[in-house]
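Peer 1: Fold the stuff below for me.
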Amino acid sequence: MPLGNVHNEVRHELTASDAVQLAGTLTRNLLYPLLKHNGYSDITPRRMCRFEFDTR
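Peer 2: Presented below is the predicted three-dimensional model:
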C-alpha cells in the first residue's frame, strides 16, 4: 500500500473520531438543555434525537 493511502486512511479515521466526539458534545451541551428549557424535563438522553455526521 503506498504511503499516501496510509496517510489518507489515518486522516479519515481521525476525522471520523472527531465527528463522533463533536456530535456527542453538541447533543449533550446544546440539544439536551434546549429540550429541558422548553418543558421536556422528563426526557432522558437515551431517548432524544442526536447529532450525527456523515464522514464517508
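Peer 1: Quote the end-to-end distance of stretch 43-51.
Peer 2: By Cα to Cα, to the nearest Å, the extent of stretch 43-51 from end to end equals 16 Å.
Peer 1: contacting residues around it?
Peer 2: Contact with stretch 43-51 is made by L22, A23, G24, L26, T27, R28, L31, Y32, L35, K36, Y40, as judged by Cβ atoms under 8 Å, 6 or more residues apart in numbering. To be clear about C-beta, it is placed using only N, CA and C from the backbone, and glycine gets the same treatment.
Peer 1: What sits closest to R28 if chain neighbours are left out?
Peer 2: Nearest non-adjacent residue to R28, counting by Cβ to Cβ, 6 or more residues apart in numbering: P45, 7.1 Å away.
Peer 1: How about the secondary structure of the one you found?
Peer 2: For P45, the assignment made with DSSP: H, G, I helix; E, B strand; the rest coil gives coil.
Peer 1: Can you check the pLDDT for it?
Peer 2: P45 is assigned 73 on the pLDDT scale.
Peer 1: burial count for it?
Peer 2: 12 (other Cβ atoms under 10 Å).
Peer 1: related to what we said a few turns ago, which among the contacts of stretch 43-51 count as buried?
Peer 2: T27, Y32, L35 (16 or more other Cβ atoms under 10 Å).
Peer 1: quick one: the last one from E13, how far?
Peer 2: Distance, L35 to E13, by Cβ to Cβ, to the nearest Å: 32 Å.
Peer 1: Let me see the mean pLDDT of the helix or strand containing G24.
Peer 2: Under the criterion of DSSP states H and E, G24 resides in helix 3-26. Mean pLDDT, computed over helix 3-26, is 89.
Peer 1: same thing with stretch 48-56?
Peer 2: 88.
Peer 1: and that stretch, how far out from the chain's middle?
Peer 2: 6 Å (Cα atoms, centre = their mean, to the nearest Å).
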